[in-house]
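Peer 1: turn this into a structure:
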Amino acid sequence: MSEDSSAAQSPTEYIQHHLTNLHGMIGGNEINVDTVVTGWLLGALVFGGLWILSRGVKTEGVPGKAQAFFELLYEFVDAQVKDMFTGNRRWIVAVSFTVFVWILAMNSVKFLPVDFVGVATHSFAHAWKPVATADLNTTLAISLSVILLMIIESIKVKGIGGYIHELTMTPFHGGNLIAKIVLLPINFLFQMIELLSKPLSLALRLFGNMYAGEVIFLLISLLAGAGIFGVLSGAVLHAGWAVFHLLVVPLQAFIFMMLTAVYLAMAHESH
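Peer 2: Alright, predicted model coming up:
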């Protein structure tokens, strides 16, 4: 977005423009192009960088700074999973680490100046929403993927019969056949509510925090239109809100990672 177009917009139009996704059509389905491109690009950069880094891992001597940083990050995730799951946790740690690093990367785009991405993409896109996790499609897709993995792991551990038994015979246990038949639809309803609430809570928590943060950044940016005092006040508030997000950005990634690990560990529990 150019400065001229920005100046011609009302405050409401300015905020709406920055919170509008760039839409596109693939196979007759509408997608948010900016979300897909940003998310996949960050994923390719982060995990491509990790792959390149893994090619030169030092098993002896002093590791490089990048290797040491990601080793500490992996060990941190591993320690969190170890505290909640005593079995073979390698797969759970891998999924949790992937989720943590990817969400952290997408959240970190929030630290870019509000109009930076708009100026960079103005020549080829009328709108570009830079923070992928401020799009409910992103957070819901990752959440549903986690729950799908949880279901697959649960079936793998308990078998299809054991998983169906868990869906229909818990949390209420009947003492006889008639009681079990009566309680079956109630148990199934409770299990479905629990199953559906997990991806919704995961998705809405992350989306709500990131979206609200974007709105506040935009509201602070509008102070620049109030003269020199507005510019100075906006700069101070921007700095303060950015410092606050130094906690929020990794914290939201951490919460999502922890709940991912909890749900995958729960797949190994028997009721």
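
Peer 1: now do residue 199, the pLDDT please.
Peer 2: For residue 199, the pLDDT comes out at 94.

Peer 1: let me redo that: residue 61
Peer 2: 68.

Peer 1: mind listing the helices for the stretch 51-200 of the chain?
Peer 2: For the stretch 51-200 of the chain, the helices defined by DSSP state H, counting those that start in this stretch cover 65-82, 90-108, 116-121, 136-169, 177-221.

Peer 1: show me the contacts for the nearest residue to residue 217 once chain neighbours are set aside.
Peer 2: Leaving aside its sequence neighbours, residue 217 sits nearest to residue 114 (CB to CB, 6 or more residues apart in numbering; 5.6 Å). No exception for glycine: its C-beta is placed from N, CA and C like everyone else's. Counting by CB atoms under 8 Å, 6 or more residues apart in numbering, residue 114 touches 18, 217, 218, 221.

Peer 1: same question for residue 142.
Peer 2: Taking CB under 8 Å, 6+ apart, we find residue 142 in contact with 99, 102, 103, 202, 203, 256.

Peer 1: lowest average pLDDT across the helices of the stretch 51-200 of the chain?
Peer 2: helix 116-121 (a mean of 79).

Peer 1: would you mark the buried spots in that one?
Peer 2: By 16 or more other CB atoms under 10 Å, the buried positions in helix 116-121 come out as 117, 118, 121.

Peer 1: ok, the second one touching residue 128?
Peer 2: Yes. The pair residue 118 and residue 128 passes the contact test of CB atoms under 8 Å, sitting 6.4 Å apart.

Peer 1: now the contacts of residue 142 in CSV, with distance to residue 69 and neighbour count?
Peer 2: CSV is the format used below for those (distance: CB to CB, whole Å; neighbours: other CB atoms under 10 Å):
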residue, distance to residue 69, neighbour count
99, 18, 23
102, 16, 21
103, 17, 28
202, 26, 23
203, 29, 22
256, 20, 26
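
Peer 1: now, among those residues, which is nearest to residue 45?
Peer 2: residue 102 (10.5 Å; CB to CB).

Peer 1: element containing the closest residue in space to the closest one that isn't next to it in sequence, please.
Peer 2: The shortest distance from residue 102 to any non-neighbouring residue, by CB to CB, 6+ apart, is to residue 43 (5.5 Å). For residue 43, the host element (DSSP states H and E) is helix 33-55.

Peer 1: give me the angle between that helix and helix 65-82.
Peer 2: 100 degrees (axes from the mean of the first three to the mean of the last three CA atoms, to 10 degrees).

Peer 1: helices and strands around helix 33-55, which ones?
Peer 2: helix 65-82, helix 90-108, helix 136-169 (3 or more CB pairs under 8 Å, 6 or more residues apart in numbering; DSSP states H and E).

Peer 1: tilt between it and helix 90-108?
Peer 2: Compare the direction of helix 33-55 with that of helix 90-108 by the same axes, to 10 degrees and you get 130 degrees.

Peer 1: about what we covered before: what's the spacing between the residue nearest to residue 217 and residue 248?
Peer 2: Between residue 114 and residue 248 the distance is 16 Å, computed by CB to CB, to the nearest Å.

Peer 1: also residue 193?
Peer 2: Distance of residue 193 to residue 248, computed by CB to CB: 29 Å.

Peer 1: same check, this time on residue 226
Peer 2: For residue 226, the distance to residue 248 - CB to CB - is 26 Å.
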